[in-house]
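>>> Curious how this folds, go ahead:
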Amino acid sequence: MQRAFVLLGVLAASAFIAAGCGNGGSSANGAVELGFMTWGDPTGASDKMYRECEKQSGNKYKIVATAMGPTVDAAREQLTRRLGAGDPAIDLINLDTVWTPEFADAGWLRDISKEVEPIKDTFIKPSLASTFYKGKYWGVPVNTNAALLYYRTDLVKTPPTTWEELVKISKGVQAKHPDMAGFVFQGAPSESGTVDALEFLYGNGTQILSEDGKKSLISKGDSAEQ
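Numbering: from 1, shown residues only. Alright, predicted model coming up:
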């Protein structure tokens, strides 16, 4: 779908957007409708961005966004079912980075290497790498994030700066308030739990796999401490 990439540069101001294999449609004013499967945004900021995108295209396109979810796992299931059934209404997809191989191998994404190569230096390298698979680019990154530690100032005067301090402070809070959890994180058996676990490991200087991806290094060095 050649027209899909026209939108990507504008949407980049806003995870990872890939060009799907849909056929698009036409709206009443003749604009090409692009079906965009994306994450929900209750703030309305994304909708404003879509309208700006349409404006910059000279109103040649109309973005019809459909919210996925509500969880990452639910969004993946929804996408795989619709794409597997050949849904022609999906032109653009806001993908989770770990889905790249699965969706590319299934033939659900279009190779946009030709469009990405001239602008690849404008992206954060690790983020762009998540869109690269089997020598091709299947999308472009549009945002990234970082883990943050929130703490209650009425319970903790000074936030911890090491894991040892975090454990000590957490135990202290629980000792005074048995009905509270000293430290809360995403630990459920889900992708979110995996993400948190990897953040803990990488934050401690751990390398999960060797450069060729064939050898596990997770038990080496500081990962054992984690």
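
>>> any idea how far P159 is from the residue lying farthest from the centre of the chain?
Residue farthest from the centre of the chain, counting by C-alpha atoms, centre = their mean, is K176 at 38.2 Å. Note on K176: its distance to P159, by C-beta to C-beta, to the nearest Å, is 17 Å. C-beta: built from backbone N, CA, C; applies to glycine.

>>> likewise M49?
In this view, M49 and P159 are 34 Å apart by C-beta to C-beta.

>>> what about those two, which has more around it?
A side-by-side neighbour count of M49 and P159, using other C-beta atoms under 10 Å, places M49 first with 17 against 12.

>>> Could you tell me what pLDDT the model assigned to that one?
If you check M49, the pLDDT there is 92.

>>> Any buried residues in the helix or strand it falls within, and which?
In the assignment (DSSP states H and E), M49 maps to helix 45-56. For helix 45-56, burial by neighbour count (16 or more other C-beta atoms under 10 Å) applies to 46, 49-50, 53-54.

>>> roughly how far out does the very next helix or strand once past it sit from the chain middle?
As assigned by DSSP H and E, the chain's next helix or strand after helix 45-56 is strand 61-68. Here the centre of strand 61-68 is set off from its chain's centre by 17 Å, with C-alpha atoms, centre = their mean, to the nearest Å.

>>> So for the helix or strand immediately after strand 61-68 in the chain, mean pLDDT?
The C-terminal neighbour of strand 61-68 among helices and strands, as given by DSSP H and E, is helix 72-84. For helix 72-84, mean pLDDT rounds to 93.

>>> go on, stretch 169-187?
The model assigns stretch 169-187 a mean pLDDT of 94.

>>> Perfect, I'm done here.
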